[in-house]
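**Q** Provided below are the primary sequence and the corresponding predicted coordinates.
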Amino acid sequence: MSFASEWLPKSVLQLKNYTAQKFFSDLLAGITVGLVALPLAMAFAIASGVSPQAGLYTAVLAGFLISALGGSTTQIGGPTGAFVVVVAGIIARHGIAGLYLCTLLAGIILIFMGVTGLGSAVRFIPRPVVVGFTNGIAILIASTQIKDFFGLHIDQVPGDFWGRMEAIAHNFRTISPVATSLSVVALAIILLMMRYVKRVPGYIVALLVGTGLAVILKLPVETIGTRFGGIPSGLPHFAIPPLRVDLIRPLISPAITVAMLGAIESLMSAVVSDRMSGDRHNPNVELIAQGIANVASPLVGGLPATGAIARTATNIRSGAKTPVSGMIHALTLLAILLFAAPLAKFIPLSVLAAILMVVSYNMGEWKQIPELLRLSKLEIFVWVITLLLTVFADLTVAVEAGMMLAVLIYIRNVTTTTTVSEVTDEYLEDGRLHILQDKQIPPYVTIFRIHGPFLFGATDKINDIAAHISEMPAIAVLRLRNMTALDATGMQALEEFADAVRATGRGLILCGALPQPAKLMKRADFQQHVGAQNICPNVSAALARAEKMFKEMPAATQSLNLRRRRSDFIPEAAVAKT
C-alpha cells in the first residue's frame, strides 16, 4: 500500500478524477443533506442541554473537517444521538467547561488511535454490547423528548431515567393538546414521507409544515425563540475554552467513552457508506479526521461529533460522489446561519421532539433483538445487562461491564472447544470426506477456510474476501472444518457475507461446521441466508452440491471468472484461500 492510499484523505485522492458532472451531483446531495441536518443538529443540541446553535456550529465546523480530512468518500459528520446522554451527563457533573475539555481529550484519543492504527481495536466490542448500549441510548433519547412532545410543564427534568419518568408521570396532567397535536402531525409527516416519498427528506418537510402551522395559526407552543431567544446570525465565534487542570482526571473516563462512541459510530457509518457506494474507507484516516474535528469543535462552542449513519445514507441516495458533498453540506448550514438564523426562533420544540423520537427509534437497532434472542443465553445476558446499565446507571459503566462479561464468555467459548479424544477408524474415514488433496476443484468454484475461533475481534478478516467478491467465480465454498468456535459477532459477519455474495448472483456453500458453530447457526436460522441445501456436512458433499448449483445458474453467472483458479487475490489470514 502506497503512502498516498494509506494516509491521504479521500478528498485529496478524489481530485485526480474530479469532473464538473461529479461536482453538480455533489452540490445537489450536499444541499439536500444540509437541509436534513438542520433540524437534527438543533434537536441534538437541545436534547443534550445546550443551545441549538451549538449543534449547528458543530455540524458546520466538524462536519466540514470530517469530510475534508476523512477516509470515507461519502461520510457525513456532525452531532449525533449517540452523544446526547453522555453530553448531558458531563454538563450536569462538570458544566460546559467540562464538556469542552472532554471533547478535546476525546479528539486527542481519536487522533492517537488513527495514527497508531488502533482504530482496529473498535472491532473488539462484541455485537451484544453494541446492540445493548444502542438500544439503551435510543430509550434515553426518547425519554428526554416526552416533555416537549406533549408540551408538559416541568420546571426541572431530572437527569436520571427513573427520576425523569417519575417527574413525567407526576406532571402528565399538564399535557398541552395543541403541542401534542403539532407533534403528532410532524411525526405523521415524517413517517409518511419515509414510507411513500423516500427521496424527499421528511425531517425538513415536518419542520417547515410544523413551523408554518405554529406561525400562521399563532399556536401557543414553546419555540426556540421562547426558550433560547433564537439563534444568533453570523459566523460562530472562535475562542479557546478555559482548560481546567482539576477536571482532567475525572474526565478521562468520559473522554474515553466519547472517543470509543465516536469511533464505533463513525466506522459503522463508513461501513454503511461502503456498502451503498461500492467504495472502501480507510479507518485510520477516518479516525484522525474525527479526532481533529473534535479538537476543533470546542473552539466554536460545539459538541462532540462523529459520522452520522442516517445523514450519510441520505447523502448517497441524493447522488453524492465525493467528500465535496459533505463539505457543501457544512457550507449549506453556514449559509443558513448567515442569512436565515432569525427564522429559527419560530421553530416549535414539539416538532423537534417528534423528529428526535423518529431518530431514536431508527438508531435503536431493534431488528437485531429477535436475532440476538435466538443465540446463546450468555450472549443474551450480556445484551440485557448492557441495556439495563445504559438506561439505569451510566453508559461508561454499561460498556465496561458488557466488555468484561464478553471477555469471560470469549474465554469460555475458546476453552470449551478444546477436546482430547482417541483417533479411531471412524475418525480417519470421516477425515477423508473433508480433505482436499484428492478432490478435483472445478474452475467455477473457489474455496475458503476459516481457521480458529471466529469470535468478536476476528470477524473483520472476512472483509478481505468480501472486498473481492466481484473477482470470484460463480460459486464460493466456505470450509468451517477448523472453525472451532462462533459467537454473535461472528454469526453477524457470516450473515452479512452470505447476503453480499448472493447479491452478486453468485452461490455460497458452507461445509464441515463443528458442533458448537453448527448449533449456533441452526438457532440463528442461518439457512435463510444461504438455503438449507447449501449447508453441507463436508467438502465432498459441498463440491457435489456446487456441481448441481452451477448447472442451474444462468449462462451469464456461469461464465464469471472461470479462469481465476486458486489465485492470490486474497491474502493469507484467519479467513484464507484454499
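**A** Great, that's in hand.

**Q** correct me, but Trp7 touches Val285?
**A** Yes: here Trp7 reaches Val285: they are 6.3 Å apart, a contact under Cβ atoms under 8 Å. C-beta coordinates here come from the backbone N, C-alpha and C atoms, glycine included.

**Q** looking at the two, which has the bigger crowd around it?
**A** Counting neighbours by other Cβ atoms under 10 Å for Trp7 and for Val285 shows that Val285 has the greater number, 22 against 16.

**Q** state the distance from the closest residue in space to the more buried one that isn't next to it in sequence to Ile475.
**A** Setting aside the residues directly before and after it, Val285 is nearest to Gly71 in space (Cβ to Cβ, 6 or more residues apart in numbering), at 3.2 Å. As judged by Cβ to Cβ, to the nearest Å, Gly71 and Ile475 stand 33 Å apart.

**Q** kindly report the same for Leu182.
**A** The value you get for Leu182 to Ile475, if Cβ to Cβ is used, is 56 Å.

**Q** now the top helix by length along the chain, how far from the centre of its chain.
**A** Secondary structure of the chain read by DSSP state H shows that its longest helix is helix 84-116. Using Cα atoms, centre = their mean, to the nearest Å, the mean C-alpha position of helix 84-116 is found 19 Å from that of the whole chain.

**Q** return the set of buried residues in that helix.
**A** Taking 16 or more other Cβ atoms under 10 Å as the neighbour-count basis, helix 84-116 is seen to contain the buried residues 84-91, 94, 98-111, 113-114.

**Q** from the contact counts, what lies against that helix?
**A** Taking 3 or more Cβ pairs under 8 Å, 6 or more residues apart in numbering; DSSP states H and E as contact, the helices and strands that helix 84-116 lies on are helix 20-48, helix 127-150, helix 248-277, helix 283-296, helix 395-416.

**Q** for Val501, find the nearest of those.
**A** With Cβ to Cβ, the closest approach to Val501 among these belongs to helix 248-277: 13.3 Å.

**Q** circling back to that earlier point, so the residue nearest to Val285 is in contact with Glu286, correct?
**A** Yes: between Gly71 and Glu286 there is a contact under Cβ under 8 Å: 3.8 Å.

**Q** what do the two both touch?
**A** Any residue near both Gly71 and Glu286 by Cβ atoms under 8 Å, 6 or more residues apart in numbering counts here, and that gives Ala270.

**Q** so what secondary structure elements neighbour the helix or strand hosting His329?
**A** In this structure, His329 sits in helix 324-339 according to DSSP states H and E. With contacts defined as 3+ Cβ pairs under 8 Å, 6+ apart, helix 324-339 has these neighbours: helix 20-48, helix 52-69, helix 309-317.

**Q** count of neighbours near Val351?
**A** Quick note: Val351 (other Cβ under 10 Å) scores 32 neighbours.

**Q** now it: which helix or strand?
**A** For Val351, the enclosing helix or strand under DSSP H and E is helix 349-362.

**Q** buried ones in that helix?
**A** 349-360.

**Q** right, and the helix or strand after that helix?
**A** helix 368-373.

**Q** what comes into contact with the helix or strand following that next one?
**A** Proceeding N to C from helix 368-373, the next assigned helix or strand is helix 377-392, under DSSP H and E. Judged by Cβ under 8 Å, 6+ apart, the contacts made with helix 377-392 from elsewhere in the structure are 85, 126-129, 131-133, 135-137, 139-140, 160-162, 369, 372-373, 397-399, 401-402, 405-406, 409, 412, 487-488.

**Q** drop anything exposed from these.
**A** With neighbours counted by 16+ other Cβ under 10 Å, the contacts of helix 377-392 contain buried members at 85, 126-129, 131-133, 135-137, 139-140, 161, 372, 398-399, 401-402, 405-406, 409, 487-488.

**Q** tell me which element Thr446 is part of?
**A** For Thr446, the host element (DSSP H and E) is strand 445-450.

**Q** chain center to the helix or strand following that strand, what's the gap?
**A** From strand 445-450 onward toward the C-terminus, using DSSP H and E, the following helix or strand is helix 463-466. Taking the mean C-alpha point of helix 463-466 and that of its whole chain, the gap between them comes to 19 Å (Cα atoms, centre = their mean).

**Q** helix 463-466: what's the following helix or strand?
**A** The element immediately downstream of helix 463-466 (helix or strand, assigned by DSSP H and E) is strand 475-479.

**Q** and of the helices and strands packed on helix 84-116, who's closest to Ser67?
**A** Nearest to Ser67 among these is helix 283-296 (8.2 Å), distances taken as Cβ to Cβ.

**Q** export that closest one to CSV, keeping only CA atoms.
**A** Only the C-alpha atoms of helix 283-296 are listed here, as CSV (Å, rounded to 0.1, in the frame of the first residue of the first chain):
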residue,chain,number,x,y,z
PRO,A,283,-10.4,3.5,9.0
ASN,A,284,-7.2,5.1,10.4
VAL,A,285,-7.5,8.3,8.3
GLU,A,286,-11.2,8.4,9.2
LEU,A,287,-10.4,8.3,12.9
ILE,A,288,-7.7,11.0,12.5
ALA,A,289,-10.3,13.3,10.9
GLN,A,290,-12.8,12.5,13.6
GLY,A,291,-10.2,13.4,16.2
ILE,A,292,-9.2,16.7,14.5
ALA,A,293,-12.9,17.6,14.2
ASN,A,294,-13.5,17.0,17.9
VAL,A,295,-10.4,19.0,18.9
ALA,A,296,-11.7,21.9,16.8
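
**Q** which other helices and strands contact it?
**A** With contacts taken as 3+ Cβ pairs under 8 Å, 6+ apart, helix 283-296 sits against helix 3-7, helix 52-69, strand 77-78, helix 84-116, helix 248-277, strand 306-307.

**Q** low-scoring stretches of the stretch 351-500 of the chain, by residue?
**A** Across the stretch 351-500 of the chain, the stretches falling below the confidence threshold (pLDDT under 70) are 413-414, 416-438, 457-459.

**Q** oh, I was asking about the stretch 51-200 of the chain
**A** Answering for the stretch 51-200 of the chain: the residues below the bar, that is pLDDT under 70, span 119-124.

**Q** go again using 90 as the cut-off
**A** Per-residue confidence for the stretch 51-200 of the chain (pLDDT under 90) gives these ranges: 80-86, 88-89, 92-93, 116-138, 140-141, 144, 154-161, 163, 194-200.

**Q** do the same with the stretch 201-350 of the chain
**A** Within the stretch 201-350 of the chain, the set of residues satisfying pLDDT under 90 comprises 201-204, 228-248, 253-254, 256-257, 260-284, 308-311, 313-314, 317-319, 341.

**Q** tell me which residue is most central in this structure.
**A** Centre of the chain computed as the mean C-alpha position; nearest residue by Cα atoms, centre = their mean is Met268, 3.4 Å away.
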